[in-house]
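Visitor: 3D model of this:
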Amino acid sequence: MTYLQIYMDKVVENGIADLKHYHSKCRDEIMNLLCDGESVIKSIINVIEENIWSTVPNLTPQRDAKLEVSEAVDIHVSNQAKPVSESKV
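Guide: Sure, this is the predicted structure:
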């Protein structure tokens, strides 16, 4: 290999290494921004929920609510379904 070819290979390798480093740095920054955004959204949701539940005290939040036996819906599925009638052409 010529000196010029060796030099160009080193330039390309260094460029790729720089791009990998830049990509890693950008990825970390984006992940931090996403985590910050998630925290902000969760806190906003919590404030909204607190306002809702303080305004309407008789409601129970769905994530904490459990169905009582009398509230449970019993669904029976029949295997005797009527066939769909085909239209005549």
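
Visitor: state the mean pLDDT of the helix or strand hosting Lys25.
Guide: Counting by DSSP states H and E, the secondary-structure element that holds Lys25 is helix 3-55. Mean pLDDT, computed over helix 3-55, is 95.

Visitor: please renumber so the chain begins at 721
Guide: Done: numbering now begins at 721, and the last item shifts to helix 723-775.

Visitor: what's that helix packed up against?
Guide: Based on contacts counted as 3 or more CB pairs under 8 Å, 6 or more residues apart in numbering; DSSP states H and E, there is no element that helix 723-775 packs against. Where C-beta positions appear, they are placed from N, C-alpha and C, glycine not excepted.

Visitor: and stretch 736-744, C-alpha only, in CSV?
Guide: Taking C-alpha atoms only, stretch 736-744 is exported to CSV below (Å, rounded to 0.1, in the frame of the first residue of the first chain):
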residue,chain,number,x,y,z
ILE,A,736,-16.0,7.0,11.5
ALA,A,737,-14.8,7.0,15.2
ASP,A,738,-15.8,10.7,15.4
LEU,A,739,-19.2,9.9,14.0
LYS,A,740,-19.8,7.1,16.5
HIS,A,741,-18.8,9.3,19.4
TYR,A,742,-21.1,12.1,18.1
HIS,A,743,-23.9,9.6,17.7
SER,A,744,-23.5,8.3,21.2
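
Visitor: what about Trp773, how many neighbours?
Guide: A count of nearby residues for Trp773, using other CB atoms under 10 Å, gives 13.

Visitor: distance-wise, check it relative to Asn766.
Guide: For Trp773, the distance to Asn766 under the criterion CB to CB, to the nearest Å works out to 11 Å.

Visitor: cool, and Val732?
Guide: Applying CB to CB, the value for Val732 to Asn766 is 51 Å.

Visitor: what do you get for Leu724?
Guide: Taken as CB to CB, the span from Leu724 to Asn766 is 63 Å.

Visitor: swap in Asp729?
Guide: Computed as CB to CB, the Asp729 to Asn766 distance reads 56 Å.

Visitor: same deal with Leu739?
Guide: 41 Å.

Visitor: now Lys745
Guide: Lys745 sits 32 Å away from Asn766, going by CB to CB.

Visitor: thanks a lot, see you next time.
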